[in-house]
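Need coordinates for the following:
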Amino acid sequence: MTRQTEQQRVTETLPEVESISPEAIAKAKAMIGMRLRTENFTRDASVGALLNFVNGIGDANPIFRDQEYAAYSKYGSIIGHPCAPYMRHWSGRTRWGLPGVHGFFAGNDWEFFR
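As a prediction, the model looks like this:
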């Protein structure tokens, strides 16, 4: 298969994408600072949930996954990954923003209370 034929085949199988209009950009900009309801994917910080998370993001650091290794650390046990709060909160949603275009994640703010 020639390169042009391959590119044509890929292009023909892509889903329809709506154009990015000035109105769509204005609607997306209006969402800046908006509080969006989060979805709970994980309800607890169990060892299994923490292991699933580090497996999912590909972090092989034994402090997050190996109980025997972590027992000798200053923590005495495995610990949650610094990004573990994202287990409960998925920010990079695609249903908001520009129709037919990949979702954008520009960041968020977290508050932690004792």
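
I'd like to check which residues are in contact with the nearest residue to A70 once chain neighbours are set aside.
Nearest-residue entry for A70: I78, 4.4 Å, with adjacent residues in sequence omitted and distances by Cβ to Cβ, 6 or more residues apart in numbering. Any C-beta I mention is one placed from the backbone N, CA and C, and that applies to glycine too. Shown here is I78, whose contacts under the criterion Cβ atoms under 8 Å, 6 or more residues apart in numbering are 47, 50, 63-67, 70.

so how far is N55 from I78?
I78 sits at a distance of 13 Å from N55 (criterion: Cβ to Cβ, to the nearest Å).

Now list whatever residues contact both of the two.
R65.

thinking again about what came up before, which members of the contacts of I78 are the farthest-apart pair?
For the contacts of I78, with distances taken as Cβ to Cβ, the pair at the greatest spread is V47 and I63 (13.2 Å).

and Y69, helix, strand or coil?
State at Y69, reduced to three classes by DSSP: H, G, I helix; E, B strand; the rest coil: helix.

where does I63 land on pLDDT?
pLDDT, the model's per-residue confidence, is 96 for I63.

Next up, the contacts around it.
Listed by Cβ under 8 Å, 6+ apart, the contact set of I63 reads 69-70, 73, 75, 78-79.

Looking at these, which one is closest to S21?
Distance ranking of the contacts of I63 against S21, using Cβ to Cβ, places I79 first at 46.8 Å.

The closest one: neighbour count?
I79 is surrounded by 15 other residues when neighbours are defined as other Cβ atoms under 10 Å.

Same check on A84?
For A84, the count of nearby residues is 17 (other Cβ under 10 Å).

Good, wrapping up.
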